[in-house]
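> No sequence on hand, only this structure:
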């Protein structure tokens, strides 16, 4: 054991003021200074805690990043799909194949008749010659088509519905067209469009549900991390409480730590989404081009990025608050 | 400064730690609390620091009735008490300076003033040169003196110490107790729980003797002792 060394030189003890239990009234400036010092202390010690165990911090942040990235990715996919489906104007159009016997002049007459209808926006006439040329271009069947003596294609009228008919209520228009004796076949994609709309709605609901689930996961991951941190610092907390630290003082570093976890997790999530965007952009652009679309692949809007950062930070803070408050109730 | 009135403390399970305890301690008085282990010394100190609450009776510190202090106000009461522990309870991952500064950081003292007071407290216990050291590098006696510096840095009107020399050899113990006596001389009430009778006699201060939770003696050894 250490013997020797009498408690060394002692300066004259300062007189203790008789009463200090009741703090003297403080000016607003002093209170602001104390508030700032307390938050600075919480902020710095929270960063210290994250830095003490870098591996654990990186793992936690990565888990949070993946959890937050999944709903973001789904949202990005839906955004692109919506833009893509909006670009498919053909889906709204009704394609009418006339009898092959109908001559060009008669076809133009029919088209003019339909144009006069209030529920029709436009009627485009595609002559058999145009059809053949298009067919040749698109399908690569040009050699096979050379063999044909005559053009087997009928005149095609492409009808763009207007008003309510364009929004899916085109039953009457389709019936009227089908009733015409000169019409051979009517093709329209109302059912497919309705299905697409339903799928999109489902996808959006799923994105919201996923965001809620992964938000909960973020809350739990941060909460559990902070809970373990509080437990491992039980002795330190007990000492601080004996020195007169209130709940706020003890909790503040943990709240800041939760905030950093959430914020860093959101940053990782955004990096993941950007990486996925870069990796998939070209392949997706080719796919869209093959459908004749003119769309560029969209990333995530800046507002969504900001919302992710704010949401991550808020979830981290909330998770830390719940966990630390529960633990403090137990130790106090 | 301190007033116990018919205080009883029964722990859950039926153990009576303190029975009908009444005494007062004036400002500037140094008082030893002694007795066999389990006599209630630690419980007495815990009632002062509001770690425990009495089952019956009342405890007043500085004219504040501690039974009326709600949970939210407990920290404020504790800031008026300097506490020294047998195992010193320093934060081992912080420097000596940071340990001593902790009560001031908690109280929110302006930083420049806090630094001055920390150095003054360290100077008083003779450890000014070690302010940057980690507590683990200090000897047991030095660690305890850091604990004492931490207790006095806020200039509390009351210091309570639970077996502050329990882990120290006799020579170091006397030095520590003399420190406490000096604080009492300048107006601080000092309450020290100890079972070291030789040391207590040597200090020539008032002694409260507890036995199975009862106060059986309250005396001041005469110089003859």
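Happy to help now that I have it. Every value quoted in this text rests on a predicted model; they were computed, and no experiment measured them. Numbers count the residues shown, from 1 in each chain, chains lettered A, B, ... in the order given.

> residue boundaries of the helices in the chain?
By default, I'm working from chain A. A:28-52, A:54-87, A:104-115, A:128-139, A:142-146, A:171-179, A:190-232, A:234-242, A:247-290, A:302-331 (DSSP state H).

> You answered for a different chain; I wanted chain B.
B:41-48, B:74-78, B:96-107, B:111-124, B:140-152, B:170-185, B:197-203.

> Does residue A:255 touch residue A:324 like I think?
Yes - counting by Cβ atoms under 8 Å, residue A:255 touches residue A:324, with 6.9 Å between them. In this view, the C-beta of every residue, glycine as well, is placed from N, C-alpha and C.

> Of all the helices of chain B, which one comes closest to residue B:26?
Closest to residue B:26 of the helices of chain B, according to Cβ to Cβ: helix B:170-185, at 10.1 Å.

> which parts of that closest one are buried?
B:172-177, B:179-180, B:182-184 (16 or more other Cβ atoms under 10 Å in any protein chain shown).

> So which of those residues is the closest to residue B:37?
Using Cβ to Cβ, the buried residues of helix B:170-185 come closest to residue B:37 at residue B:173, 17.4 Å.

> Let me see the contact set for the closest one.
Applying Cβ atoms under 8 Å, 6 or more residues apart in numbering or on different chains to residue B:173 gives the contacts B:165, B:196, B:199.

> how about a markdown table for those residues, with pLDDT and distance to chain A added?
What follows is the contacts of residue B:173, written out as a markdown table (pLDDT from 0 to 100; distance: Cβ to the nearest Cβ, whole Å):
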| residue | pLDDT | distance to chain A |
| --- | --- | --- |
| B:165 | 90 | 12 |
| B:196 | 89 | 16 |
| B:199 | 91 | 14 |
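
> Top of the residues you listed by number of neighbours, please.
residue B:165 (23 neighbours; other Cβ atoms under 10 Å in any protein chain shown).

> Need phi/psi at that residue.
Taking degrees, to the nearest 10, you get phi -110, psi 20 for the backbone angles of residue B:165.

> How about the contacts made by the most centrally placed residue in chain B?
Using Cα atoms, centre = their mean, the residue of chain B that lies closest to the mean C-alpha position is residue B:160, 1.5 Å off. Residues in contact with residue B:160 (Cβ under 8 Å, 6+ apart) are B:45, B:48-49, B:81-84, B:190-193.

> separation between the closest residue to residue A:299 other than its chain neighbours and residue A:217?
Nearest residue to residue A:299 in three dimensions, chain neighbours excluded: residue A:277, at 5.0 Å (Cβ to Cβ, 6 or more residues apart in numbering or on different chains). Remark: distance between residue A:277 and residue A:217 (Cβ to Cβ, to the nearest Å) = 23 Å.

> Check residue A:48 too.
From residue A:48 across to residue A:217, the span is 27 Å (Cβ to Cβ).

> Please apply the same query to residue A:132.
Relative to residue A:217, and taking Cβ to Cβ, residue A:132 is found at 58 Å.

> and what of residue B:196?
From residue B:196 over to residue A:217 the distance is 56 Å, taken as Cβ to Cβ.

> With distance to residue A:116 added, can I get the helices of chain B in JSON lines?
Listed next are the helices of chain B as JSON lines, based on distance: least, Cβ to Cβ, whole Å:
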{"stretch": "helix B:41-48", "distance to residue A:116": "97"}
{"stretch": "helix B:74-78", "distance to residue A:116": "85"}
{"stretch": "helix B:96-107", "distance to residue A:116": "85"}
{"stretch": "helix B:111-124", "distance to residue A:116": "86"}
{"stretch": "helix B:140-152", "distance to residue A:116": "95"}
{"stretch": "helix B:170-185", "distance to residue A:116": "106"}
{"stretch": "helix B:197-203", "distance to residue A:116": "115"}
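
> The ones you listed: which one's closest to residue A:268?
Set against residue A:268 and scored by Cβ to Cβ, the helices of chain B come closest in helix B:96-107, at 32.4 Å.

> got any ranges where the chain has weak pLDDT?
In the absence of a named chain, this looks at chain A. Chain A contains residues with pLDDT under 70 at A:1-26, A:84-92, A:138-142, A:163-170, A:189-191, A:291-297, A:331-332.

> Chain B is the one I meant
B:222-225.

> which residues does residue B:150 contact?
Residue B:150 touches A:243, B:82, B:90, B:99-100, B:102-103, B:121, counting by Cβ under 8 Å, 6+ apart.

> hang on, I meant residue B:114
B:101, B:104-105.

> Top of the residues you listed by number of neighbours, please.
The residue in the contacts of residue B:114 with the most neighbours, by other Cβ under 10 Å, is residue B:101 (24 neighbours).

> Correct me if wrong: it contacts residue B:120.
No - if you go by Cβ under 8 Å, residue B:101 and residue B:120 don't touch, sitting 11.9 Å apart.

> shared neighbours, these two?
In contact with both residue B:101 and residue B:120: no residue, using Cβ under 8 Å, 6+ apart.

> Who has more neighbours out of residue A:48 and residue A:217?
Per other Cβ under 10 Å, whichever of residue A:48 and residue A:217 has more neighbours is residue A:217, with 17 against 13.

> And that one, how close does it get to chain B?
Separation of residue A:217 from chain B (Cβ to the nearest Cβ, to the nearest Å) stands at 31 Å.

> nearest spatial neighbour of that residue, skipping sequence neighbours?
That would be residue A:67: by Cβ to Cβ, 6+ apart, it lies 4.7 Å from residue A:217.

> neighbours of the one you found, just the number please.
Neighbours around residue A:67, by other Cβ under 10 Å: 23.

> residues in contact with it?
Contacts of residue A:67 by Cβ under 8 Å, 6+ apart are A:214, A:217-218, A:221, A:265, A:269.

> Quickly compare the helices of chain B and say which is most buried.
Across those, averaging neighbours per residue (mean count of other Cβ atoms under 10 Å in any protein chain shown) puts helix B:140-152 on top, at a mean of 26.

> and the angle for that helix with helix B:111-124?
Inter-element angle recorded for helix B:140-152 and helix B:111-124: 140 degrees (by axes from the mean of the first three to the mean of the last three Cα atoms, to 10 degrees).

> what's the angle from helix B:140-152 to helix A:234-242?
Using the same axes, to 10 degrees: helix B:140-152 against helix A:234-242 is 40 degrees.
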